[in-house]
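Q: Provided below are the primary sequence and the corresponding predicted coordinates.
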Amino acid sequence: MPEHARSAPAHQFETVIQQKVAASLGMWTFLATEILIFGGLFTAYLVFRVAQPETFATMSRHMDLVMGTLNTGVLLTSSLTMALAVRAAHASDRSRAAAAWLMVTAALGAGFLVIKGLEWHHEYGEHLVPLLGLDFDPHGAPYGEAHLFMSLYFLMTGLHAIHLALGCLLVLGLALLRLRRSDRASATVVEMSGLYWHLVDIVWVFLFPLLYLVGTRS
């Protein structure tokens, strides 16, 4: 039986529909603030890219395109499994299918973080980490401009990774609650969590071409 047919609204709401509308409004408001944060970073990146196109293209060639492409595939797959989790949650409040898809989604998110960590480790070995106390190597590019590109790179990918890590914890927690058939993991909650997960995926879809595909590769 569909979950919405069995669920009762929380005490502050008159109907389940009213509760879902309120949850949707709250989530979309939160997502709008996240878009403003990443939108500001994207705007700053594009401004500097227009001002320093050659350096940005040069430094982009030092990004690991294979790992970046692999991570893109991982996150796109996780969007599919998240959508399947939402569908399963709406289809039944007793089936464990939603929990299974949520755990697969969390595993894919964790896989992304592992791959990204390996990529960061490689960049550390190439002296591309622009932190005080580290020997930053611009690899022939102007030092200041190369330093700026890598600073933006680590800032944007680091912020994205933090959001993804939080998403993994959220999704995994929901999976455990679904297995216990807790009311705190209702179909509406799973759906709202799915919106957050898709936003994180969409951010990476923009980050990938901006950071990895700037320069022409031989």
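A: Received the coordinates, thanks.
Q: which elements pack onto the host helix or strand of Val203?
A: Assessed by DSSP states H and E, Val203 sits inside helix 187-212. Contacts defined by 3 or more C-beta pairs under 8 Å, 6 or more residues apart in numbering; DSSP states H and E place helix 187-212 against helix 16-51, helix 65-91, helix 97-125, helix 143-179. Heads up, the C-betas are built off the backbone N, CA and C, glycines and all.
Q: just want the angle from the third one to helix 143-179.
A: Our comparison of helix 97-125 with helix 143-179, counting by axes from the mean of the first three to the mean of the last three C-alpha atoms, to 10 degrees, yields an angle of 160 degrees.
Q: re the thing from before, which one, of the helices and strands packed on helix 187-212, ends up nearest to Tyr212?
A: Relative to Tyr212, the nearest member of those by C-beta to C-beta is helix 65-91, separated by 4.4 Å.
Q: tell me the angle that closest one makes with helix 187-212.
A: Relative orientation of helix 65-91 versus helix 187-212 (the same axes, to 10 degrees): 170 degrees.
Q: now for helix 65-91, which elements pack on it?
A: Against helix 65-91 (3+ C-beta pairs under 8 Å, 6+ apart) you get helix 97-125, helix 143-179, helix 187-212.
Q: repeat that for 7 Å
A: With contacts defined as 3 or more C-beta pairs under 7 Å, 6 or more residues apart in numbering; DSSP states H and E, the packing partners of helix 65-91 are helix 97-125, helix 187-212.
Q: CSV for those helices, including mean pLDDT, mean neighbour count and distance to Ala51?
A: Putting the helices and strands packed on helix 65-91 into CSV (pLDDT from 0 to 100; neighbours: other C-beta atoms under 10 Å; distance: least, C-beta to C-beta, whole Å) gives the following:
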stretch, mean pLDDT, mean neighbour count, distance to Ala51
helix 97-125, 96, 19, 23
helix 187-212, 94, 20, 15
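Q: now for those, which one comes closest to Gly39?
A: Gly39 sits nearest to helix 187-212 of all these, at 9.7 Å, using C-beta to C-beta.
Q: so how far is that closest one from its chain's centroid?
A: The chain centre lies 5 Å from the centre of helix 187-212; the measure is C-alpha atoms, centre = their mean, to the nearest Å.
Q: these two touch, right, Gly68 and Phe208?
A: Yes. Contact criterion C-beta atoms under 7 Å: Gly68 and Phe208 qualify, at 5.7 Å.
Q: ranking helices and strands of the chain by mean pLDDT, which lands last?
A: Lowest by mean pLDDT, DSSP states H and E among the helices and strands of the chain is helix 16-51, with a mean of 85.
Q: tell me the helix or strand right after that helix.
A: Using DSSP H and E, the helix or strand that directly follows helix 16-51 along the chain is helix 53-60.
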